[in-house]
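> Got a sequence here, can you build the structure:
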Amino acid sequence: MDFTSLKYSELVLALKDAGYEFVTYAEYCEGKRAERLVVMRHDVDKRVLCAMNMAREERRMKVKASYYLREDMVLYGRHVIKFFAERGHEVGYHYEELVKERGDVDKAYARFVRNIEEMRQVVDVRTITMHGSPMSRFDSKEMWQKYDYKKLGLIGEPQMDVDWGEMVYLTDTGRSWNGVSRRDKVVDRASEWKEKGWVYETTDDVIKAVKEGRFPTCVMMTVHPQRWSDNMWEWTLELVMQKVKNVVKWVLLKK
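Numbering: from 1, shown residues only. Got it, this is the predicted structure:
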């Protein structure tokens, strides 16, 4: 079965065996490169225990990743922030302030600054990623049309600070590696990557490409931990909910 903890471990081990080096997004922003490189990014949207289990397993496999936590985890879970950092992972902020403040840019930015300061009482936050909030008409990265997050000492936001000419982007958004997404995508490169065969349906397709040497040499992979579970109830619930969300997203994309 796809999207189980076991399948995720199989994916990571296939990448390791093929010679891929795992670096955090902050390390990439600082110029870290390798002949074969993976930035493993985790957007922790919900079910933080799934993310903790994934972080434990990655530590066991001796790889590191970048974990991005949402506002509620920041405000009520300092122990959660420490958990990831203590296991050698990067901890960043998964922001959605413009959605929370219903489009008020000034209020959104002030809230963003407060949350970054709160996180920095626990860890050195250096990178951020936007939560797509596909059901909302607001796009939180539009804050950066008025404000500059780099003035806060932040060094990277993937949609704005990645050279997509050298790096390929894969995400499990939509519960597939070529799933439907309203905002979590790189529009300018999609057709080029498709022509090169860097589009996959299942995790087994990804693993096969890695083993056969048909996988891109520099890639960012976004994995949402709540999708990967060995608990059949959680696994089935996520499957059903994602199918419903995908239908809604298709409708929104058609508008």
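> I figured Val105 was touching Leu98, is that so?
Yes. Using CB atoms under 8 Å, Val105 is in contact with Leu98, at 6.7 Å. From N, CA and C alone the C-beta is placed, and that goes for glycine too.
> which of these two has more neighbours?
Leu98 (25 against 17; other CB atoms under 10 Å).
> The more buried one and Ala51: what is the separation?
24 Å (CB to CB, to the nearest Å).
> gap between the nearest residue to Gly103 once chain neighbours are set aside and Arg114?
With sequence-adjacent residues excluded and distances taken as CB to CB, 6 or more residues apart in numbering, Gly103 is closest to Phe138, at 5.1 Å. Per CB to CB, Phe138 is found 19 Å from Arg114.
> Tell me which of the two has more neighbours.
With neighbours defined as other CB under 10 Å, Phe138 and Arg114 compare such that Phe138 has more, 18 against 14.
> Quick one: residues contacting that one.
Leu98, Val99, Arg102, Gly103 (CB atoms under 8 Å, 6 or more residues apart in numbering).
> Give me the contact list for the helix or strand containing the second one.
In this structure, Val99 is located in helix 97-100 according to DSSP states H and E. Helix 97-100 is contacted from outside by 71, 104-105, 107-109, 111-112, 115, 131, 133, 136, 138-140, 142-143, using CB under 8 Å, 6+ apart.
> my read: Val48 touches Gly77, true?
Yes. Using CB under 8 Å, Val48 is in contact with Gly77, at 7.2 Å.
> More neighbours: these two, which one.
A count of neighbours by other CB under 10 Å puts Val48 above the other of Val48 and Gly77, at 20 against 14.
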